[in-house]
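Enquirer: How does the following fold in three dimensions:
(chains A and B)
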Amino acid sequence: MTLKVFQCKQCGATVFPARYLCSECGGGDWCERVAERGTVSEWTSVHRRVGAQDGGDVLLASVKTDAGPIVIARLDRVVQAGDEVSLAIDEQNRVLAQPIV
Amino acid sequence: MKLGKCDEALLTAGVEIPYRRQATSDSTVHLLARAFAAALDESGFSAKDVDGLGVASFTLAPDHAIDLAWRLGLSPRWCMDDCHGGASAINMLQHAIRAIQYGDANVIALVSGDRFEPVDFKQLVDHYNLTTRNWLRPLDLGGPNGLFAMLTQRHATHHNLTRRDYGALCVAQRAWAGLNPSAVYRTPLTIDEYLEAPMVADPLGRFDCVPVVSGANAVIIARADLVRRNVNVRVRSLQCRYNGDHQTGDGTRTSLAEIADDLWQQAGVKPDDMDVVSVYDDYPVMAIAQLDDLGFAPDGDLRAMIARIASRALPVNTSGGQLSAGQAGAAGGMHGLVEALTQLRGRAGERQVPDARLAVVSGYGMVEYRYGMCANAVVLETVERGVQ
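Expert: Below you'll find the predicted structure:
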């Protein structure tokens, strides 16, 4: 599935996750915008997790989407800050970031 | 908050039920009841004097404040459930002072606390709010450590700080904890031990993450003419700001930066005048960010500010803070307030800051997707009967 962010029809601000009213202008009409790509701002490897299903590390990234908002995504491999990634949502509603090679 | 009416309400007790790393058989409601009883005892009031109750807890469900009031035999005229996590105590205090000033209540108890088994904590971090449930829980990131790891990276880059700088704050707080018999971790910590500790989420190591504990805190606020103790504490100013940037920033600046000018102006004092400081320390980066936002590094030199904390020229989180004393869920929002009250009333024992009369306390919390939504702060002053 594609990742969608939300753009205020009144002022053009984009947000993720969705809101009811725009914090910039108070507008309540939104249009969806697909966020296919982004740039990794930071990433981390989470080694110790509360109640983790498995013992493995989780790679986590802050991704500045081309559409505007920053999203928190899972990475499947190590990247560098500044790397371009593609974005998608899987069947578990996970935002996934994959390096564009 | 308008200055001038604030001194009609006084904080007259502040207590902590000793935090425990392992949950005991005490339920959350039992911990809250114990904190209430201890605060009442310290205040000199009887339960029959109490006509207001505020409660902050993540694990009290299915009970609420009114159920606790019933269990405590109270008939409150003012009753409040608070859901602001690390900002809960100052949020409740904002309302409680107004209630007393305008006659809605005369003696208010504010209590907060939680009991956590590992499964309770997992439930809390997975279902902290709908955003967490829908967008973070599926990532299986196991709580907010990963988010604050990335926030710490942003802060370190922006301010040119290293792990050693954040570690210096943890080491300084642990040294204070050594003087606090109630802190869960009191063994002195060296910077090398900090740096060599197992990584939790790069760059956060074990000592950067608050230990989860079970426990409770309580404070009593009363109309000034009713207090039974000679040494009390008044609020000089109190400010809250929530959703300051609606999660559109980078999280390294809290909304304390927006309210600091009003806070100090209304208090009629400045950061340099503070004898004691309590900032909400879920992670060292957030403690440093709040101090920065409150104006404790006016030249922007955070490393120099941390050095002042280490030397105790700037007494910050003198209980050891949550990083050493533990985070008892919603009680974490009251821990720093209780420590400031303890210092201002001269009851801090070995860690007493001499002649402490002015303190600032901040609250921070409620992570919505990337960082905390809430920040608030209160400036407090000792008031002695006969000299006020």
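
Enquirer: Next to chain B, which bits of chain A? Give me the list.
Expert: A:15, A:17, A:23, A:41-53, A:58, A:60-62, A:69-70, A:72-74, A:92-95 (CB under 8 Å from any CB of the partner chain). Heads up, the C-betas are built off the backbone N, CA and C, glycines and all.

Enquirer: What residues of stretch B:51-63 count as buried?
Expert: Neighbour-count burial for stretch B:51-63, counted by 16 or more other CB atoms under 10 Å in any protein chain shown, picks out B:51-60, B:63.

Enquirer: Go back to the residues you listed and keep what's next to chain A.
Expert: Applying CB under 8 Å from any CB to those, none is adjacent to chain A.

Enquirer: thinking again about what came up before, which of the residues of chain A next to chain B fall in helices?
Expert: In helices, judged by DSSP state H, none of these are found.

Enquirer: Nearest to chain B within chain A, name that residue for me.
Expert: A:Arg49 (2.4 Å; CB to the nearest CB).

Enquirer: nearest residue to that residue other than its sequence neighbours?
Expert: B:Gly142 (2.4 Å; CB to CB, 6 or more residues apart in numbering or on different chains).

Enquirer: Kindly report the same for B:Glu368.
Expert: B:Thr131 (5.5 Å).

Enquirer: Likewise for A:Gln80?
Expert: Nearest non-adjacent residue to A:Gln80 (CB to CB, 6+ apart): A:Val40, at 7.2 Å.

Enquirer: tell me the contacts of B:Cys209?
Expert: B:145, B:200, B:283 (CB atoms under 8 Å, 6 or more residues apart in numbering or on different chains).

Enquirer: where in chain A is pLDDT low?
Expert: Across chain A, the ranges flagged by pLDDT under 70 are A:51-54.

Enquirer: so what's the residue nearest to A:Gln80 bridging to?
Expert: A:Val63 (DSSP bridges).

Enquirer: For it, which residues are in contact?
Expert: Contacts of A:Val40 by CB under 8 Å, 6+ apart are A:61-63, A:79-85, A:97.

Enquirer: and with 6 Å instead?
Expert: A:61, A:63, A:79, A:81, A:83, A:85 (CB atoms under 6 Å, 6 or more residues apart in numbering or on different chains).

Enquirer: The third one reaches A:Gln98, doesn't it?
Expert: Spelled out, that is A:Val79. No: at 9.4 Å, A:Val79 and A:Gln98 do not qualify as touching, with contact defined as CB atoms under 6 Å.

Enquirer: residue boundaries of the strands in the chain?
Expert: I went with chain A, as the question did not name one. For chain A, the strands defined by DSSP state E occupy A:4-8, A:14-15, A:30-34, A:37-46, A:58-65, A:70-75, A:84-89, A:95-99.

Enquirer: should've been chain B
Expert: Using DSSP E, strands in chain B cover B:9-20, B:52-56, B:78-82, B:107-114, B:199-201, B:204-205, B:214-223, B:231-242, B:276-278, B:358-368, B:371-384.

Enquirer: among the ones you listed, which is nearest B:Thr252?
Expert: strand B:371-384 (8.5 Å; CB to CB).

Enquirer: so what secondary structure elements neighbour the closest one?
Expert: strand B:231-242, helix B:256-267, strand B:358-368 (3 or more CB pairs under 6 Å, 6 or more residues apart in numbering or on different chains; DSSP states H and E).

Enquirer: thinking again about what came up before, unless I'm mixing things up, the residue nearest to A:Arg49 is touching A:Val50, no?
Expert: Yes: with contact defined as CB under 6 Å, B:Gly142 counts as touching A:Val50 (4.4 Å).

Enquirer: OK, contacts around B:Asp49?
Expert: B:Val107.

Enquirer: how far away is it from B:Glu16?
Expert: 22 Å (CB to CB, to the nearest Å).

Enquirer: which residue is nearest the centroid of the chain?
Expert: Chain wasn't specified; assuming chain A. A:Val71 (2.6 Å; CA atoms, centre = their mean).

Enquirer: Let me rephrase: I mean chain B.
Expert: Central residue of chain B (CA atoms, centre = their mean): B:Gly333, at 3.3 Å.

Enquirer: where does chain B have low pLDDT?
Expert: B:1-7, B:386-388.

Enquirer: okay, now the domains of it?
Expert: B:6-118+B:214-224, B:128-211+B:231-381 (automatic domain parsing).

Enquirer: looking at these, which is closest to A:Gly28?
Expert: Comparison of the domains of chain B against A:Gly28 by CB to CB identifies domain B:128-211+B:231-381 as nearest, at 15.0 Å.

Enquirer: okay, now the residue of chain A closest to chain B: neighbour count?
Expert: Per other CB atoms under 10 Å in any protein chain shown, the neighbour tally for A:Arg49 reads 22.

Enquirer: beta partners for B:Val233?
Expert: Assigned bridge partners for B:Val233, using DSSP bridges, are B:Leu11, B:Thr382.

Enquirer: got a list of what it touches?
Expert: B:11, B:341, B:344, B:380, B:382.

Enquirer: could those go into CSV alongside neighbour count?
Expert: Shown next, in CSV, are the contacts of B:Val233 (neighbours: other CB atoms under 10 Å in any protein chain shown):
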residue, neighbour count
B:Leu11, 28
B:Leu341, 28
B:Leu344, 26
B:Leu380, 27
B:Thr382, 21
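
Enquirer: on that earlier part again, relative to A:Asp29, which of the domains of chain B is closest?
Expert: domain B:128-211+B:231-381 (17.7 Å).

Enquirer: can you give me the end-to-end distance of the closest one?
Expert: 35 Å (CA to CA, to the nearest Å).

Enquirer: what's the answer for stretch B:184-200, then?
Expert: Termini of stretch B:184-200 sit 20 Å apart (CA to CA).

Enquirer: With stretch B:202-211 instead?
Expert: Termini of stretch B:202-211 sit 18 Å apart (CA to CA).

Enquirer: buried stuff in it?
Expert: For stretch B:202-211, the neighbour count (16+ other CB under 10 Å) marks B:202-205, B:207-211 as buried.

Enquirer: now stretch B:28-44
Expert: Neighbour-count burial for stretch B:28-44 [16+ other CB under 10 Å]: B:28-40, B:42-43.
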